[in-house]
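Student: sequence plus the predicted model coming up.
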Amino acid sequence: MEYYCGFENGIKHGDYVEFHENGCIKFFVTMWQGSSHGKELHWYKNGNLKSEAVTKYGYDVMKKEWDEDGKLVKETFEPNEHSRKMIEKYDRQL
């Protein structure tokens, strides 16, 4: 199995999990109406965490990234300007 995910009315909705060829989890995210929404996690083939993000409507709200040895290499605590504007736009539409 390469991945599994839930669908609602033909659109990805719910947990989405993708696997490396060795069977280890590569990616986990909760989907909401086709976009990542909530916690998003990526792993290297060796099982170490590659990145952790909180997303809203598919845009990063915060994100941490590690190298393959587990050293934190990047951290953002707020969305960039474009992401912030898009999140605000979608918030107003709902």
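Tutor: In hand now; what should we look at? Numbering: from 1, shown residues only.

Student: so residue 27 touches residue 16, yeah?
Tutor: Yes - under the criterion of CB atoms under 8 Å, residue 27 makes contact with residue 16 at 7.4 Å. C-beta coordinates here come from the backbone N, C-alpha and C atoms, glycine included.

Student: give me the common contacts of these two.
Tutor: residue 3 (CB atoms under 8 Å, 6 or more residues apart in numbering).

Student: neighbours of residue 47, how many?
Tutor: 10 (other CB atoms under 10 Å).

Student: which helix or which strand is home to it?
Tutor: Following DSSP states H and E, one finds residue 47 outside all helices and strands.

Student: and the gap between the closest residue to it other than its chain neighbours and residue 67?
Tutor: In this structure, residue 47 finds its nearest non-sequential neighbour in residue 24, 5.5 Å apart by CB to CB, 6 or more residues apart in numbering. For residue 24, the distance to residue 67 (CB to CB, to the nearest Å) stands at 17 Å.

Student: show me where the protein dips below the pLDDT cut-off.
Tutor: 1 (pLDDT under 70).

Student: quick one, helices of it?
Tutor: 81-93 (DSSP state H).

Student: okay, and the beta partners of the most centrally placed residue in the chain?
Tutor: Central residue of the chain (CA atoms, centre = their mean): residue 40, 2.9 Å from the mean position. Taking DSSP bridges as the rule, residue 40 bridges to residue 29, residue 53.
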